[in-house]
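# just the structure for this:
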Amino acid sequence: MLSKRTDNNRNQLEMVALDQLVPENHLVRKIEQAIDFDFIYDLVKDTYCLDNGRPSIDPVVLIKMVFVQYLFGIRSMRQTIKEIETNVAYRWFLGYGFTEKIPHFSTFGKNYVRRFQGTDLFEQIFYRILEEAMNKGLVDPSVAFIDSTHVKASANKKKFDKKIVRVETKSYQAQLELEINQDRENHGKKPFPPKEKEEAKEIKVSKTDPDSGYYVKDEREKMFAYSFHTACDAKGFVLATKVTGANIHDSQVFGQLLEQVIEKVGKPTAVAVDAGYKTPANAKSLLDKEIRPVMPYTRPRTKDGFFKKYEYVYDEHYDCYICPNNQILEYRTTTREGYRQYASNPEICKTCPFLEKCTQSKDHTKFIHRHIWEHYVEEVDHLRHTE
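Numbering: from 1, shown residues only. As a prediction, the model looks like this:
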């Protein structure tokens, strides 16, 4: 039997509560049951006048509006307000009735600029909610997984200025220089004098978005982008984040992100990272903190047809390398970059049957470079074979 609806129900009056129209399994209900947002009032009270001026928009409402925008993938605050106006679940979440006027989309932006910008409000909210999740046993911070992803900036890659900037000193640079000079003195070499001039480099700065970094993904794709560095647990709960320009290498941000995890969540027993973070400095940092480094195997970058570096055996007692023909590569020097240089005897090498597989040097000398913290990387490779 054919049924046909009329328009009469559009003007029908009913006695109904907003709560009745929100499904029991809706995400906003689950959030409301899990989190008590009243703690936000204490965080923002210093940015509001308590006894003067016009009544403000409830700060919890402002924060919940941002939750709605990000949780439901809405592109802008303008569109978020439009969605809230017609979505009863969103109105229920904010505590607004059927006919109450929703704040203008610019309200959040103005409050952000005037009250919240330059504060760690959102970081405090993030860690308060993370603490709730940890108290409920949902988060296991004993193992931290750290990685980064590049996000393209909304900036024309052809519109930029070239600038000369100072090279940022690495956090471990002072310790490295101290150990380099100590290593040189142990080998009877003079220590390096302090650098008189600061290092500088030329970079491209976007005219549209100067905070982004010029990034070369491969030989064809070049762009201005950001790097989102994240530490999370095995279940995907975010433990710490840091955003930088995409021209900052992952390994440079690793130490800052790890310190943030230790300070805010607690020291993990292990940290898992990809090959981009596998450096002597990062391996040393983790092992010195008694945190187990979980780093992948990295293939030797030697040309095909030549001996791999691991085929030259390092003798720790005599501080030398032994080549596949059982000849010695002796210590020569330690460089400013922290690498010990070992060299073979050219008189022996020029008659060696393996010369073509060893070196293309015109003076028949094979060089091997070993970082003064290389033993930390070797320990990482050893741990990779354990359960």
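# so which bits of stretch 204-213 are buried?
204-206, 209, 212-213 (16 or more other CB atoms under 10 Å). C-beta: built from backbone N, CA, C; applies to glycine.
# what's the farthest-apart pair in the residues you listed?
Lys204 and Asp209 (11.9 Å; CB to CB).
# my guess is Arg332 is in a strand, correct?
Yes. Per DSSP: H, G, I helix; E, B strand; the rest coil, Arg332 lies within a strand segment.
# ok, which stretches of the protein are strands?
143-152, 160-166, 200-206, 213-216, 222-232, 238-245, 270-272, 292-294, 313-315, 320-322, 328-334, 339-343, 367-371 (DSSP state E).
# near Asp74, how many other residues are there?
Heads up, residue 74 is Ile, not Asp. Counted with other CB atoms under 10 Å, residues neighbouring Ile74 total 18.
# try Arg384
Counted with other CB under 10 Å, Arg384 comes out at 12.
# now swap in Gln252 and tell me
Look at Gln252: counted by other CB under 10 Å, it has 16 neighbours.
# wait, isn't it in contact with Lys170?
Yes. Counting by CB atoms under 8 Å, Gln252 sits close enough to Lys170 to count as a contact (6.7 Å).
# what is the burial count for the spatially closest residue to Gly276 that is not a sequence neighbour?
Sequence neighbours aside, Asp250 is the residue nearest to Gly276 in space, at 4.3 Å (criterion: CB to CB, 6 or more residues apart in numbering). Per other CB under 10 Å, the neighbour tally for Asp250 reads 20.
# just the helices in this protein please.
27-34, 39-44, 59-71, 77-86, 88-94, 106-111, 121-135, 173-186, 250-264, 280-288, 346-349, 355-358, 374-383 (DSSP state H).
# and the residue nearest to Gly276, what is it in contact with?
By CB atoms under 8 Å, 6 or more residues apart in numbering, Asp250 lies in contact with 148, 227, 229, 276-277.
# and if we set it to 10 Å?
146-148, 227, 229, 244, 257, 273-277, 279, 282 (CB atoms under 10 Å, 6 or more residues apart in numbering).
# how about Lys45?
So Lys45 contacts Pro59 (CB under 10 Å, 6+ apart).
# hang on, the earlier thing: common neighbours of Lys204 and Asp209, please.
159, 224.
# coming back round to it: wait, which of the helices of the chain is closest to Thr335?
Of these, nearest to Thr335 by CB to CB is helix 173-186, at 8.0 Å.
# list the buried residues in that closest one.
Neighbour count says helix 173-186 has 176-177, 179-181, 183-184 buried, by 16+ other CB under 10 Å.
# pLDDT below threshold where in the stretch 201-350 of the chain?
Along the stretch 201-350 of the chain, segments meeting pLDDT under 70 span 218-220.
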